[in-house]
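Colleague: Below: sequence and its predicted model.
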Amino acid sequence: MKIIAVIGTKNTGKTTLVTQIVRELVERGFEVGTVKHSHHHFDMSDSDTGKHKKAGAAIVAGIGEETFFTMNEGMSWDNVLSTMNFIENLDIVVLEGFKTSRYAKISTSNINDEYTIANVKVKEMDDLKLKSIVDLLLERSYGMIKDLNCKKCGFDSCNDFVKAKINGIHNATTCKAESDEVLLKIDNNVIPLNPFVRNFVKETILGMVKSLKTDEFGANEFEKIELLIRDDHDKK
């Protein structure tokens, strides 16, 4: 799953550009998710689910033709990204905002940092420029930064790998520790796994699960296995 960000000052067309990028990516056959950063509460006060939340519900879900969840506390965006990908198996996530993130960024204003790969004027964007921007994003973007510094990619650190991708060094293809096969979360914190540990966890769990008579419960494909362990022995 690759991650890209659209940043810029207020009223410079960030949302417009995000929707254009998403539309272009979907037309190319990618499964896309988005995350918007906000300094304010998301207003749901006039809805029924908003009333549930105001009454004190810790988490509220709405189920219909669409499904959504809202919680009374903020989650780290790394946690949000990993959860989104585990649910939907996304190819790309487009962030709106998150200007301090360490992912490939397109800026709609004069905001720049070492991760910004292009500045654009949204009002001047046409189909040809949009396709060029999306091509650039696909070439220079990458997945969640693990900071394992495993050197499997050929670089001395994850930060060196990221800089190579941002600068368009073509041999910096993918992070070898990046995988959507195994997600480990402890106390809502995503725990990065190097390839050896990831494969060990996967094969151990698969070995145990395959010994069970899961077909009696309609589970025989093993496309996605979810295991939740709660350690409550110290709680009174």
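Modeller: Right, received. Where do you want to start? All figures in this text were calculated on a predicted structure; none of them were measured in a lab. Residues are numbered from 1 along each chain as shown.
Colleague: Hmm, Lys2 and Val94 touching each other?
Modeller: No - the pair Val94 / Lys2 is not scored as a contact, 9.6 Å apart, by CB atoms under 8 Å. Every C-beta, even on glycine, is put in place using the N, C-alpha and C of the backbone.
Colleague: Next one: the residue minimising distance to the centre of the chain, what pLDDT does it get?
Modeller: With distances taken as CA atoms, centre = their mean, Leu81 lies nearest the centre of the chain, 3.0 Å away. With respect to pLDDT, Leu81 scores 83.
Colleague: Name the SS class of it, please.
Modeller: helix (DSSP: H, G, I helix; E, B strand; the rest coil).
Colleague: Distance of it relative to Gly50?
Modeller: Separation of Leu81 from Gly50 (CB to CB, to the nearest Å) stands at 25 Å.
Colleague: After the helix or strand of the chain with the lowest mean pLDDT, which helix or strand is next?
Modeller: With mean pLDDT, DSSP states H and E as the measure, the helix or strand of the chain carrying the lowest mean pLDDT is strand 189-190 (a mean of 74). The C-terminal neighbour of strand 189-190 among helices and strands, as given by DSSP states H and E, is helix 195-210.
Colleague: Quick check: buried residues in that following helix?
Modeller: Arg198 (16 or more other CB atoms under 10 Å).
Colleague: Can you dump the C-alpha atoms of that helix in CSV for me?
Modeller: In CSV, the C-alpha atoms belonging to helix 195-210 read as follows (Å, rounded to 0.1, in the frame of the first residue of the first chain):
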residue,chain,number,x,y,z
PRO,A,195,10.6,-10.2,7.1
PHE,A,196,11.9,-13.1,9.4
VAL,A,197,9.6,-12.4,12.3
ARG,A,198,6.6,-11.7,10.0
ASN,A,199,7.0,-15.0,8.2
PHE,A,200,7.5,-16.8,11.6
VAL,A,201,4.3,-15.4,13.0
LYS,A,202,2.4,-16.1,9.8
GLU,A,203,3.5,-19.7,9.4
THR,A,204,3.0,-20.5,13.1
ILE,A,205,-0.6,-19.1,13.2
LEU,A,206,-1.4,-20.8,9.9
GLY,A,207,0.0,-24.1,11.2
MET,A,208,-2.2,-24.0,14.2
VAL,A,209,-5.4,-22.8,12.4
LYS,A,210,-5.1,-25.4,9.6
